[in-house]
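Visitor: coordinates for the following, if possible.
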Amino acid sequence: MALNGRTFPYLTTALWNPSNGRPDLKPLPGTIPLTPVAAILPPVIYYLALLLLPPFPHRSSNTAISVARSVLALTAGYLFFRLPLTYHVPFSIGLTYQLALVGLYGGCRVLDVFFISPYLFKHIPRRVKHHHEPREESPDVSSARSRSDSYFNMNLLQPKQAPVTETAVTESGLPHSWTDRASWAIELELSMRGAGFTWSSADVRHTNKTWRPSVKDRAHSILVHVLPVLSGSWIVIRYIYIYYLHPEAPSRSKFDDLPFHTQLDLTAALGGFLMSAFSLGHSAFAILLAPLAPHPLSYFPPLYTSRVWDLTSVREFWSYGWHRLFSRLFLVYGVWPGEFIERKLTRKTADQPADVGKVLGGFVSSAFVHSFAAYTVVGGNLGDALGEMKFFAGCGVAVVVEEVVKRLVITQRRKEKKLQAREGSDDLKRWYDGIIGRIWWVSVLLYTGRNFARGWVGAGLVREMSGL
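Guide: As a prediction, the model looks like this:
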């Protein structure tokens, strides 16, 4: 039976009346309202392909299965990439923006899982299980931990008096039975949260000592920490929009005509809103899936691995202070190509670091992903979609600059102290390093982040966030 509007109108037509959409949404020309079939098919076909990814014990069937798997994977990848180029969400600018992120991330992920990783690196992801064993600490050590590397400080949670030692064990084999394949495939498809497989961990704590938060702890985090920040940021966004940016505002202005401090206030509020919104979603899903414990799907590693006020550089912010949900995409499509290009240009060997290419490649890939998402909500106007690109480009340059300055300063201090390179770096620290570092990274993010805020104002995202 043909799958068309007559036979299945509830599947091939939008879930909403396009006439009720946002009048300020500027989707890509030629796109149509998103339908249930278009939304469901890419992840479903991706899941079916994942069922066939682990090798089968009978070699005679592998050729036919390999062909079927590749066809399914290519179809899923095509449908993911097609999402933002064919559809939009009429009632939400933000969801249209996210549709582009989902489409781009999903398509890149499929290519990575089925073609880049297995054919270039001979690697099929293996499942990783995390185990947590209680550890005892003396009152003094426990108090010190609570001030330094506890889960409370890393994630703004109220810690229980039960620290744990975390170990991760990689399974030696791959699933064979259909029951295990079904579980394995759904776990891999949902592993974007940063846990569960050898290639996707977003946990960069560099320590196996942590706190295991309970549902009560996460609820405390949401109520006491996340919601106040989210609410406060929203109030600032709404106030600035109504007072300055609304068409009927008493001081009607474009973003660039706003007082400089107001531009920074709006940029900071947008950053705080996004950071707390991600934390809210992360904790909410962790609570919903907590009853599945000890199944790996119930484990959510830290979303942010350092307190914001502990960060002292732009590099630390992006490595420890921000989420790493897209880290695999940026690694495969940005960091590795960047390192390859630097080594080719400088004739470095494979064992020599290529830090400039690594940093710039990561930020270029991030700039492209976010600028493409903006492109889909500004009517395809490339000039209006470059704000995100300028922001990430600025951050990439800032990371390179701060690393160069850091090395120069350390070299000078070693000369002053006549220290050898192998001697302790603690002797090279100054009391003001942290102060300068904090002022530096906050200034860089707020100043360059104005490009992000400008683009979101032009796209109507700020208006939608303010509830108007």
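Visitor: by mean pLDDT, point me to the weakest helix or strand of the chain.
Guide: Within the chain, no helix or strand scores below helix 151-155, which has a mean of 44 by mean pLDDT, DSSP states H and E.
Visitor: just after it, pick out the following helix or strand.
Guide: Toward the C-terminal end, the helix or strand that comes next after helix 151-155 (DSSP states H and E) is strand 163-170.
Visitor: and the helix or strand following that following strand, which residues are buried?
Guide: Read in the C-terminal direction, the helix or strand following strand 163-170 is helix 178-189, with elements assigned using DSSP H and E. Using 16 or more other Cβ atoms under 10 Å as the test for burial, helix 178-189 gives 181, 183-185, 187-189. C-beta here means a position set from N, CA and C on the backbone, and glycine is covered the same way.
Visitor: same question, stretch 250-259
Guide: Neighbour-count burial for stretch 250-259 [16+ other Cβ under 10 Å]: 255, 258.
Visitor: count of neighbours near the residue lying closest to Val164 once chain neighbours are set aside?
Guide: Nearest-residue entry for Val164: His132, 4.1 Å, with adjacent residues in sequence omitted and distances by Cβ to Cβ, 6 or more residues apart in numbering. Other residues near His132 come to 17 when the count uses other Cβ atoms under 10 Å.
Visitor: in a helix, His132, correct?
Guide: No: checked against DSSP: H, G, I helix; E, B strand; the rest coil, His132 lies outside a helix; its state is strand.
Visitor: how far away is it from Thr165?
Guide: 7 Å (Cβ to Cβ, to the nearest Å).
Visitor: picking that back up, residues contacting the residue nearest to Val164?
Guide: By Cβ atoms under 8 Å, 6 or more residues apart in numbering, the contact list for His132 reads 164-166, 212.
Visitor: in terms of secondary structure, what does the strand or helix carrying Arg463 contact?
Guide: Secondary structure assignment for Arg463, by DSSP H and E: helix 461-465. Counting contacts by 3 or more Cβ pairs under 8 Å, 6 or more residues apart in numbering; DSSP states H and E, the secondary-structure elements packed against helix 461-465 are helix 93-111, helix 227-240, helix 260-289, helix 433-459.
Visitor: among those, which comes closest to Ser466?
Guide: helix 227-240 (4.0 Å; Cβ to Cβ).
Visitor: for that closest one, buried residues please.
Guide: For helix 227-240, the neighbour count (16+ other Cβ under 10 Å) marks 229-230, 233-234, 236-238, 240 as buried.
Visitor: His295: which of those residues is nearest?
Guide: For His295, the nearest member of the buried residues of helix 227-240 is Leu230. The distance, counting by Cβ to Cβ, is 29.6 Å.
Visitor: does the closest one really touch Leu280, like I thought?
Guide: Yes: in this structure, Leu230 is within contact of Leu280 by Cβ atoms under 8 Å, at 6.5 Å.
Visitor: contact partners for Tyr241?
Guide: Remark: with contacts taken as Cβ under 8 Å, 6+ apart, Tyr241 is in contact with 249, 462-463, 466, 468.
Visitor: now those: which count as buried?
Guide: Applying 16+ other Cβ under 10 Å to those flags 462-463, 466 as buried.
Visitor: Serialize those residues to JSON lines and add fields for pLDDT.
Guide: As requested, the buried ones among the contacts of Tyr241 are exported to JSON lines (pLDDT from 0 to 100):
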{"residue": "Val462", "pLDDT": "93"}
{"residue": "Arg463", "pLDDT": "93"}
{"residue": "Ser466", "pLDDT": "90"}
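Visitor: quick one: which of those is nearest to Lys26?
Guide: Distance from Lys26 was checked for each of the buried ones among the contacts of Tyr241 by Cβ to Cβ. The minimum falls on Arg463, at 12.1 Å.
Visitor: wait, doesn't that closest one sit right on Pro23?
Guide: No: here Arg463 lies out of contact with Pro23, judged by Cβ under 8 Å, at a distance of 10.9 Å.
Visitor: what residue spans form the domains of this structure?
Guide: 14-120, 128-211, 306-465 (automatic domain parsing).
Visitor: before we move on, what SS does the spatially most central residue of the chain have?
Guide: Computing the C-alpha centroid of the chain and ranking residues by Cα atoms, centre = their mean puts Leu325 first, at 3.1 Å. When states are read from three-state DSSP, the local structure at Leu325 comes out as coil.
Visitor: near the residue lying closest to it once chain neighbours are set aside, how many other residues are there?
Guide: For Leu325, ignoring the flanking residues on the chain, the nearest one in space by Cβ to Cβ, 6+ apart is Met192 at 5.7 Å. Neighbourhood size, Met192 [other Cβ under 10 Å]: 18.
Visitor: lovely, talk soon.
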